[in-house]
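> Sequence and predicted structure below; questions after.
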Amino acid sequence: MTTDAPELPPAFNGMLVPPDIAPIGAAAEGVAAGRLSAGDVLWSARDDRASAAFVLEPDVPLERAAEMLPVLMVAIGDALGAIGPPNLALTFRWPGTILANGAVAGEVQAFVWPGRAPEEIPDFLVVAFDIALTESADGSEPGHDLGSTYLHVEGCGDLDRTMVIEAVARHFLSWIDGWQQDGFGAAHASWTGRAHDRNADVTVDFSGRQVHGKWLGLDENGGLLVKTANGGQTLALYETIGENEKADA
């Protein structure tokens, strides 16, 4: 195992973030201050987690740019599928939860700058992932929370921070290229194929409220389709994107 700096594709510029700083928070502060640009990748020095944030400069409105969240998730699925054991079952919960063998192992988040109007092209979009690799520094274990886990107890003991970040970066770049050439369709299908709650009853925290209903699928931009007591609803993906992120881990 190694915790060296990850070797990223030439399109990306890696930047180390101290272990007590969340990459998405550091990236959000950096783009707001004008210190970062497209292709910058901030990665955490923590070795108990694989955590990194990608800075993007979209050329499409936010409603479409938000598709980068599920695109990153399917990249993570492919990356861990390539370097992890064959019995690792990765599934997704909308909008950004990553599960390993049915328990929460990580998440994907996003930050937009400036504003969050769906029809406008944002200057920057930051998409970030955080995946638990080993027992955390505070000593918490999966058994203390039956709903969570980390990769090393799911058969991924050979994986380290550097390996995961490198693999995710490679696959994410490939998926971005496919999205630019052919649209969101392939990522939509891949995400749906790994959906943890497919056709199940779900409760979703959305825009300060809870939405209860039956999971129906994703719309053409990655929004969640649910059938509630009041009929069908679409929960827009762009509305889950943050405008203010803290840098503390």
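That came through, no problem. Numbering: from 1, shown residues only.

> Just give me how far stretch 17-32 sits from the chain centre.
Relative to the centre of its chain, stretch 17-32 is centred 15 Å away, using Cα atoms, centre = their mean, to the nearest Å.

> next one: stretch 41-54
Centroid separation for stretch 41-54 versus its chain: 12 Å, with Cα atoms, centre = their mean.

> Number the chain from 26, please
Understood, numbering begins at 26; the last thing we discussed is stretch 66-79.

> Can you list the buried residues in that stretch?
Residues of stretch 66-79 classed as buried by neighbour count (16 or more other Cβ atoms under 10 Å): 66-69, 71-79. C-betas here are computed from N, CA, C, even on glycine.

> mind listing which of those residues are in strands?
With strands taken from DSSP state E, the overlap with these comprises Val66, Leu67, Trp68, Ser69, Arg74, Ala75, Ser76, Ala77, Ala78, Phe79.

> Run a quick neighbour tally on His237.
Per other Cβ atoms under 10 Å, the neighbour tally for His237 reads 11.

> got it, and Phe37?
Neighbours of Phe37 under the rule other Cβ under 10 Å: 21.

> In contact with it: list those residues for me.
Residues near Phe37 by Cβ atoms under 8 Å, 6 or more residues apart in numbering: Gly64, Asp65, Val66, Phe79, Ala194, Leu198.

> Chain neighbours aside, what residue packs nearest to the third one?
Leaving aside its chain neighbours, Val66 sits nearest to Phe37 (4.6 Å; criterion: Cβ to Cβ, 6 or more residues apart in numbering).

> repeat for the second one
With Cβ to Cβ, 6+ apart as the criterion, Asp65 has its nearest non-adjacent residue at 4.3 Å, and that residue is Val80.

> do the last one as well
On the basis of Cβ to Cβ, 6+ apart, the spatially nearest residue to Leu198 that is not a chain neighbour turns out to be Pro34, at 5.1 Å.

> correct me, but the one you found touches Val193?
No. Using Cβ atoms under 8 Å, Pro34 makes no contact with Val193, being 11.1 Å away.

> In terms of neighbours, single out the busier of these two.
Neighbour tally, Pro34 and Val193, criterion other Cβ under 10 Å: the higher count belongs to Val193, 26 against 13.

> would you say the more buried one is within a helix?
Yes. Assessed with DSSP: H, G, I helix; E, B strand; the rest coil, Val193 lies in a helix.

> could you pull out the strands for the protein?
Counting by DSSP E, the strands of the chain are 38-42, 65-69, 74-81, 115-118, 122-125, 128-138, 149-157, 226-231, 234-243, 249-253, 256-260.

> Packing partners of the first one?
By that I understand strand 38-42. In terms of contacts (3 or more Cβ pairs under 8 Å, 6 or more residues apart in numbering; DSSP states H and E), strand 38-42 is packed against strand 65-69.

> Each with direction, which strands does the strand it packs on pair with?
Sheet pairing for strand 65-69, assigned by DSSP bridges, gives strand 38-42 (parallel), strand 74-81 (antiparallel).

> Please state the mean pLDDT value computed over the first one.
Along strand 38-42, the predicted local confidence has a mean pLDDT of 98.

> ditto for the last one
Per-region confidence: strand 74-81 scores 98 on mean pLDDT.

> Go ahead and produce CSV holding the CA coordinates of it.
Written as CSV, here are the backbone C-alpha positions of strand 74-81 (Å, rounded to 0.1, in the frame of the first residue of the first chain):
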residue,chain,number,x,y,z
ARG,A,74,-10.6,8.0,3.4
ALA,A,75,-10.3,8.6,-0.3
SER,A,76,-11.5,12.2,-0.8
ALA,A,77,-11.1,14.6,-3.7
ALA,A,78,-12.8,17.5,-5.4
PHE,A,79,-12.8,18.3,-9.1
VAL,A,80,-13.1,21.9,-10.4
LEU,A,81,-15.0,22.2,-13.6
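
> how much does that strand deviate in direction from strand 149-157?
On the basis of axes from the mean of the first three to the mean of the last three Cα atoms, to 10 degrees, strand 74-81 is oriented at 170 degrees to strand 149-157.
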